[in-house]
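**Q** quick one: sequence and predicted model below, then my questions.
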Amino acid sequence: MAPRRSADPTRTREAVVAIADWLADDAAPAPDRAALAEAVRLTARTLAAQAPGATVELRVPPFVAVQCISGLSHTRGNPPNVVETDARTWLLLATGLRTLPEAVADGTLQLSGSRAGELADWLPIVSLAR
């Protein structure tokens, strides 16, 4: 298996900017899978670097799962604090175009555990908010 690349702020911004039109307008053509995967993985890895720890697990299937936010960590089984969403919702959150409460309210984001909501404290990763 290839080693995981760490997030580079410049590459992360470039990956997000490459799909910014699609994020701003859901009627715009969808990015190709490789561009989408790159933006999702780099923003999630940037989050993990900025909020190191293993208290919360962010899952964006099928692209990435990272652990973040300091505190008690788990070592086996399902983590107690999980944030799970699709790629588009994650990127909208990561860019500040959407808030955590909005995504929870419309059902595109699932939170479990008492600390999962702390993810909002670390957003946006790359600001595209108007």
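**A** Sure, I can see it. Predicted, not measured: the structure shown is a model, and the values here were computed from it.
**Q** point out where the protein drops to low pLDDT.
**A** Applying pLDDT under 70 to the chain flags residues 1-6, 73-77, 129-130.
**Q** for this protein, just list every one of the helices.
**A** Here the chain has its helices, by DSSP state H, at 9-18, 20-24, 33-50, 87-94, 100-105.
**Q** just these: most buried one?
**A** helix 87-94 (a mean of 24; mean count of other C-beta atoms under 10 Å). Yep, even glycine has a C-beta here, placed from its N, CA and C like the rest.
**Q** tell me which residues are up against that one.
**A** With contact meaning C-beta atoms under 8 Å, 6 or more residues apart in numbering, helix 87-94 is reached by 16, 19, 23, 26, 36-37, 39-40, 43-44, 47, 58, 60, 63, 85, 98-100, 103, 108-109, 123-126.
**Q** gap between the two ends of stretch 70-83?
**A** The straight-line separation of the ends of stretch 70-83 (C-alpha to C-alpha, to the nearest Å) is 15 Å.
**Q** next one: residue 16 relative to residue 107, how far apart?
**A** Distance of residue 16 to residue 107, computed by C-beta to C-beta, to the nearest Å: 24 Å.
**Q** please apply the same query to residue 115.
**A** Taking C-beta to C-beta, one finds residue 115 at 21 Å from residue 107.
**Q** looking at the two, which is more packed in?
**A** Higher neighbour count among residue 115 and residue 107: residue 115, with 15 against 8, using other C-beta atoms under 10 Å.
**Q** can I assume the more buried one is in contact with residue 69?
**A** Yes - judged on C-beta atoms under 8 Å, residue 115 makes contact with residue 69 at a distance of 6.8 Å.
**Q** quickly list what's touching both of the two.
**A** 55-56, 81.
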